[in-house]
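Peer 1: Model the structure of this input:
(one chain, ligands or ions: 1)
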Amino acid sequence: MAKKVKKDNVMLIGFMGSGKTSIGIKLSYKLQTAVEDTDKIIEDREKMPITEIFEKMGEGYFRNLETKLLTEIYNSDSKRIYSLGGGTPVQLQNQALICKCGTVIYLKASPETIYDRLKNDKTRPLLMCEDPLGRIKGLIEYRSPIYERCADFTVCVDGKDQNEVLEEILNYLGANNNK
Ligand code: S3P
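Peer 2: Sure thing, here's the model as predicted:
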């Protein structure tokens with residue numbers, strides 16, 4: 001692959017429920033760097049929760065907002081941690097943008113871990129179906145190679161608590177002061 005010129009952000013990617021938001025917050029404390037959640041930015045701008053955006057405007061509309069936001073991040077001089085929506089890396093143009101925006105960390109989780117974490121969740125429109133585990137398996141099978149391709153570093157979250165995951169990321173970033 002050609003040498004990439006990366007910006008200074010940390011981009012957290014991974015499936016819904018893999019822990020991007022909470023790990024992003026912990027990382028923010030450790031690195032003393034602001035954290036932003038792209039879903040939250042979109043919700044604030046649209047003044048609607050994601051479920052309502054999907055319902056009223058459709059998934060395509062939401063996906064365009066994700067691309068627009070990534071483009072803004074790329075064009076800004078931000079040095080932040082961004083927790084991205086689980087589907088953001090799926091679109092080809094987003095993959096290039098994510099990679100250029102900063103160091104990409106992939107929080108990898110098995111379908112069973114995700115199902116266990118999200119089985120009572122009502123905020124993920126894509127999982128509002130009769131067979132959420134089947135849906136999770138299908139989506140993860142499709143998306144895993146995409147996540148892997150974008151990632152500079154992959155951390156498996158199965159069976160680990162958040163501090164363990166955080167340690168691995170900090171070690172990778174060379175920012176662990178606990179040693
Ligand atoms: C989605 C993941 C969600 C949110 C939307 C679609 C996806 O974000 O962007 O519901 O396609 O996987 P989280 O990964 O933060 O749950």
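Peer 1: Using CSV, write down the CA coordinates of stretch 14-26.
Peer 2: Provided in CSV are the C-alpha atoms of stretch 14-26 (Å, rounded to 0.1, in the frame of the first residue of the first chain):
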residue,chain,number,x,y,z
GLY,A,14,-15.8,-1.3,15.2
PHE,A,15,-19.2,-2.8,15.3
MET,A,16,-22.1,-1.3,17.4
GLY,A,17,-21.5,-2.2,21.0
SER,A,18,-17.8,-2.9,20.7
GLY,A,19,-17.1,-0.1,23.2
LYS,A,20,-16.0,2.8,20.9
THR,A,21,-17.9,5.5,22.9
SER,A,22,-16.7,4.4,26.4
ILE,A,23,-13.2,3.6,25.3
GLY,A,24,-13.1,7.0,23.6
ILE,A,25,-13.9,8.7,26.8
LYS,A,26,-11.3,6.8,28.8
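Peer 1: any idea of the mean pLDDT for that stretch?
Peer 2: On average, the pLDDT along stretch 14-26 is 98.
Peer 1: Can you tell me the closest non-neighbouring residue to Arg117?
Peer 2: Nearest residue to Arg117 in three dimensions, chain neighbours excluded: Gly17, at 4.3 Å (Cβ to Cβ, 6 or more residues apart in numbering). Every C-beta, even on glycine, is put in place using the N, C-alpha and C of the backbone.
Peer 1: how about the residues of the protein near the ligand?
Peer 2: Proximity of the chain to the ligand (Cβ under 6 Å from any ligand atom) is limited to residues 16, 20, 39, 50, 85-87, 124-126.
Peer 1: Just among the residues you listed, which is most surrounded?
Peer 2: The most crowded member of those, judged by other Cβ atoms under 10 Å, is Lys20 (27 neighbours).
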